[in-house]
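> Sequence and predicted structure are below.
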Amino acid sequence: MQLPDSFIHTIRTAFEKDGETFLTALPLLIEEASQRWGLSDVQAVPNLSYNFVAFAKQGKYEVILKLGVPNDEIVSEMNTLKLFNGEGACRLLDCDEAKGFLLIERLHPGQMLADLQDDDERTHIAMDVMLKLTRPAPENGQFLLLEDWFAELKNVRPKFDGETGPFPPEIFKRVEALLPELFVDDDFCLMHGDFHHYNILSSERGWLVIDPKGVIGPAGYEIGPLMTNPFGILMDRTNFKVQTERRVAIIHERTNWAREKIINWALAHSVLSAYWDLDLDPNETIEMAKIFSGIK
């Protein structure tokens, strides 16, 4: 099997030794999963990233096969899909936590929300889905914690000798000051955690999410990834600012959250996203953070 170089690099970089083991074993893993679930015509999707994902057939049905390096994140995804149980999300048909195997329903027609041109329409659809997904934070089960993600920002100053590196100092300081206040919110829930235009697809059951991270934290964070997507929206800074204002108005209307809360979560996420991209190119999300920080 010819795997994209970008996929191989991502798996090796993200998972190191475990990633190398996964790549070596991948042909056998695909065969094992195919035999277990009676799959045929397994075809990798063109945009592989952190997991091997493929279209497949199970008898007369079309399904998605997802194989990943066993880790907390993929187990959290399995547990989240089980809880969503097809309400606002694709259905998990079967899984194996120890192996990192998921068998998922394939959504048809499967159009991404990013493909729609009217941003107001996209935002209203996203809010319909988000409100349908909202779940109280489970007392049991293995899920990711939002506080662990934001704790990573504590690495910035040590990394840059006490400074903030590529982050404008005033913006980074503002996010540092905001986080304790944002996490005081008592509306902790189970979120998708990567809720954006490429993870919301059309289906015969309406618009549904795929690829949930399964993150527990204040509900306001869920709009963070939505506010920084789809790719390329920053090409026109003036239009991005106008679009952001429109999105804030729609989210406020649909949730009754204060404008300040919406803007602060967008700002906090954009800084966190830029941190995750430090080894790649954080400039776009840093520019977004500058715009978010100027909106009142």
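Sure, I can see it. Numbers count the residues shown, from 1 in each chain.
> what about residue 266, how many neighbours?
Number of residues near residue 266 (other CB atoms under 10 Å) recorded here: 28. (Glycine included, C-beta is placed from N, CA and C.)
> in what helix or strand does it lie?
helix 259-276 (DSSP states H and E).
> same deal with residue 27?
In the assignment (DSSP H and E), residue 27 maps to helix 5-37.
> for that helix, which positions count as buried?
Neighbour counts using 16 or more other CB atoms under 10 Å place 7, 10, 11, 15, 19, 22, 23, 29, 30, 33, 34 of helix 5-37 among the buried residues.
> Which one of those residues is nearest to residue 251?
residue 10 (31.5 Å; CB to CB).
> my guess is the closest one meets residue 50, correct?
Yes. Counting by CB atoms under 8 Å, residue 10 touches residue 50, with 6.1 Å between them.
> Wait, residue 221 touches residue 146, no?
Yes. Contact criterion CB under 8 Å: residue 221 and residue 146 qualify, at 5.7 Å.
> Among the buried residues of helix 5-37, find me the one that's closest to residue 169.
residue 10 (31.4 Å).
> Relative to residue 190, how far out is that closest one?
To residue 190, residue 10 is 27 Å away according to CB to CB, to the nearest Å.
> that older thread, anything in contact with each of residue 221 and residue 146?
191, 193, 215 (CB atoms under 8 Å, 6 or more residues apart in numbering).
> what would those residues look like in a markdown table with secondary structure, pLDDT and neighbour count?
As requested, the shared contacts of residue 221 and residue 146 are arranged in a markdown table below (DSSP: H, G, I helix; E, B strand; the rest coil; pLDDT from 0 to 100; neighbours: other CB atoms under 10 Å):
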| residue | secondary structure | pLDDT | neighbour count |
| --- | --- | --- | --- |
| 191 | strand | 97 | 29 |
| 193 | coil | 98 | 25 |
| 215 | strand | 97 | 25 |
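> among the helices and strands of the protein, which has the poorest mean pLDDT?
Ranked by mean pLDDT, DSSP states H and E, the weakest helix or strand in the chain is strand 135-136, scoring a mean of 92.
> Against which helices or strands is the helix or strand that it is followed by packed?
Reading on from strand 135-136 to the C-terminus, the next helix or strand found by DSSP H and E is strand 144-145. Under the contact definition 3 or more CB pairs under 8 Å, 6 or more residues apart in numbering; DSSP states H and E, strand 144-145 sits against helix 72-84, strand 215-218.
> Please spell out which residues along stretch 275-293 are buried.
For stretch 275-293, by 16+ other CB under 10 Å, it's 275, 282, 284, 285, 286, 288, 289, 291, 292, 293.
> OK, contacts around the last one?
Which is residue 293. Taking CB under 8 Å, 6+ apart, we find residue 293 in contact with 170, 171, 174, 267.
> gap between it and residue 177?
12 Å.
> What of the fifth one?
From residue 286 across to residue 177, the span is 18 Å (CB to CB).
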